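> Could you look at this predicted model? Sequence included:
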Amino acid sequence: NVNVQNFHISFKDGLAFCGLIHRHRPDLIDYESLRKDNPEQNLRTAFEVAEKSLDIPQMLDVEDMLNQVKPDERAEMTYVSAYYHAFSSSQQAENAAKRIGKVLDINKENKRLMDEYESLASELLMWIQQVVPWL
């Protein structure tokens with residue numbers, strides 16, 4: 001649970017960045033293992049995971065975040081917006097994949113129904129051919 005109040009202090013300990021990643025991709029960060037008293041490790045973890053797994057370039061420097069009393073708010077906003085774009089596009093891709101999956105399922109069901117129709121039609125034709133000579 002991260003309480004983000006502003007871009008000056010709320011992201012300084014790295015937990016907000018890690019929280020963003022964990023919220024959308026819990027498989028990437030074990031959020032429960034992070035400690036508020038280890039901001040350097042939290043920032044490094046967030047920046048490395050974002051770069052390697054989410055293709056978000058590292059726009060902020062860990063040392064700058066730690067050493068500045070008031071980190072650059074605009075740089076942080078730009079970096080957070082990169083997270084937004086990454087998660088937004090991954091959500092769109094996930095939705096597209098679900099839609100494609102539904103179309104494939106419908107196509108599969110249509111194929112099954114067509115096969116069943118052909119089988120029933122063939123059986124009916126055979127029955128008709130057997131019954132017609134008797135009439």
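Nice, I can see it. Since we're looking at a predicted model, the values are computed, not measured.

> which residue packs closest to Phe17, ignoring adjacent ones?
Ala46 (3.5 Å; C-beta to C-beta, 6 or more residues apart in numbering). (Each C-beta comes from the backbone N, C-alpha and C, glycine too.)

> ok, the one you found to Tyr79 distance?
When distance is defined by C-beta to C-beta, to the nearest Å, Ala46 is 10 Å away from Tyr79.

> Repeat that for Asn1.
Separation of Asn1 from Tyr79 (C-beta to C-beta): 21 Å.

> ok, the two, which is more surrounded?
Shown here are Asn1 and Tyr79; by other C-beta atoms under 10 Å, Tyr79 has more neighbours (21 against 5).

> close enough to count as contact, the more buried one and Asp64?
No: using C-beta atoms under 8 Å, Tyr79 is not in contact with Asp64, being 11.7 Å away.

> where exactly do the helices run in the protein?
Ranges of helices in the chain, per DSSP state H, are 15-24, 39-54, 62-67, 73-131.
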